[in-house]
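[1] I would like to see how this sequence folds:
(2 chains)
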Amino acid sequence: QKEVEQDPGPLSVPEGAIVSLNCTYSNSAFQYFMWYRQYSRKGPELLMYTYSSGNKEDGRFTAQVDKSSKYISLFIRDSQPSDSATYLCAMSGDNYGQNFVFGPGTRLSVLP
Amino acid sequence: KAGVTQTPRYLIKTRGQQVTLSCSPISGHRSVSWYQQTPGQGLQFLFEYFSETQRNKGNFPGRFSGRQFSNSRSEMNVSTLELGDSALYLCASSLGTENTEAFFGQGTRLTVV
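    Below is the predicted model of the structure:
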């Protein structure tokens, strides 16, 4: 079993839909959780950064962390064709280090 | 403010050669991490440097090495290249203090033939 699991998709939704992306993990030491968006042939772009359990909202994006279930989610409201990309979850248990463990990514297509 | 800069963007090398990749972090950031991204294995952590010292290391062979300079710029070296080293190599920059975000560069795409 991989340390971080993520449905690879592809996930296709119509423009304006609410998108739900999820990751599960096995290491209970993880306490920092991130979501990155990666367009083809580009580097990952940080979308959300959360510490421990709870919710965080930023514009159309909401990140949720449930440490008791080892489950994290990213919701995208009013999805746009420009949101079409691969979404990567990443996590770490290290207070200072940047040695993240990434999920394999979910490919999202938002259709106009 | 300038982002993370990686050079070169593309490289083609022959098996057995060595290669050096460069990463300039965001101004003021002292931590640089390196990752390898392949279709089969996804993003995998190579190592992290903070204030010129290797702070964390992933599970890669000794052919992969790095260093960081006093201006926080970092280089990654791969010796005795193998076909399987073909990948997108990404570096991430952060302040390196507790609970801080990491920002990625555009990557260097290495092809080994």
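[2] quick one, strands of chain A?
    Taking DSSP state E, the strands of chain A run over residues A:4-6, A:11-14, A:19-25, A:32-38, A:45-51, A:54-58, A:61-66, A:71-76, A:85-92, A:101-102, A:106-111.
[3] tell me if B:G84 really is in a helix.
    Yes - checked against DSSP: H, G, I helix; E, B strand; the rest coil, B:G84 lies within a helix.
[4] before we move on, the earlier item: can I get the strands of chain A in a markdown table with mean neighbour count?
    (Each C-beta comes from the backbone N, C-alpha and C, glycine too.) Compiled in a markdown table, those are given as follows (neighbours: other CB atoms under 10 Å in any protein chain shown):
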| stretch | mean neighbour count |
| --- | --- |
| strand A:4-6 | 20 |
| strand A:11-14 | 13 |
| strand A:19-25 | 19 |
| strand A:32-38 | 23 |
| strand A:45-51 | 17 |
| strand A:54-58 | 12 |
| strand A:61-66 | 19 |
| strand A:71-76 | 20 |
| strand A:85-92 | 24 |
| strand A:101-102 | 22 |
| strand A:106-111 | 17 |
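[5] distance to chain B and mean pLDDT for those strands - can I get that in JSON lines?
    Putting the strands of chain A into JSON lines (distance: least, CB to the nearest CB, whole Å; pLDDT from 0 to 100) gives the following:
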{"stretch": "strand A:4-6", "distance to chain B": "9", "mean pLDDT": "95"}
{"stretch": "strand A:11-14", "distance to chain B": "17", "mean pLDDT": "96"}
{"stretch": "strand A:19-25", "distance to chain B": "12", "mean pLDDT": "97"}
{"stretch": "strand A:32-38", "distance to chain B": "7", "mean pLDDT": "95"}
{"stretch": "strand A:45-51", "distance to chain B": "5", "mean pLDDT": "92"}
{"stretch": "strand A:54-58", "distance to chain B": "12", "mean pLDDT": "92"}
{"stretch": "strand A:61-66", "distance to chain B": "13", "mean pLDDT": "96"}
{"stretch": "strand A:71-76", "distance to chain B": "15", "mean pLDDT": "97"}
{"stretch": "strand A:85-92", "distance to chain B": "7", "mean pLDDT": "96"}
{"stretch": "strand A:101-102", "distance to chain B": "4", "mean pLDDT": "95"}
{"stretch": "strand A:106-111", "distance to chain B": "12", "mean pLDDT": "97"}
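[6] bridged to residue 65, which residues?
    Looking at chain A here, since you left the chain open. A:V65 has these beta-bridge partners by DSSP bridges: A:G54, A:I72.
[7] sorry, I should have been clearer: chain B.
    So, taking DSSP bridges as the rule, B:S65 has B:N77 as bridge partners.
[8] give me the pLDDT value at it.
    If you check B:S65, the pLDDT there is 98.
[9] settle this for me: it is touching B:S74, isn't it.
    No - using CB atoms under 8 Å, B:S65 makes no contact with B:S74, being 11.2 Å away.
[10] can I get the strands of chain A in a markdown table including distance to B:L90?
    Formatted as a markdown table, the strands of chain A follow (distance: least, CB to CB, whole Å):
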| stretch | distance to B:L90 |
| --- | --- |
| strand A:4-6 | 17 |
| strand A:11-14 | 24 |
| strand A:19-25 | 19 |
| strand A:32-38 | 10 |
| strand A:45-51 | 12 |
| strand A:54-58 | 23 |
| strand A:61-66 | 22 |
| strand A:71-76 | 20 |
| strand A:85-92 | 11 |
| strand A:101-102 | 10 |
| strand A:106-111 | 18 |
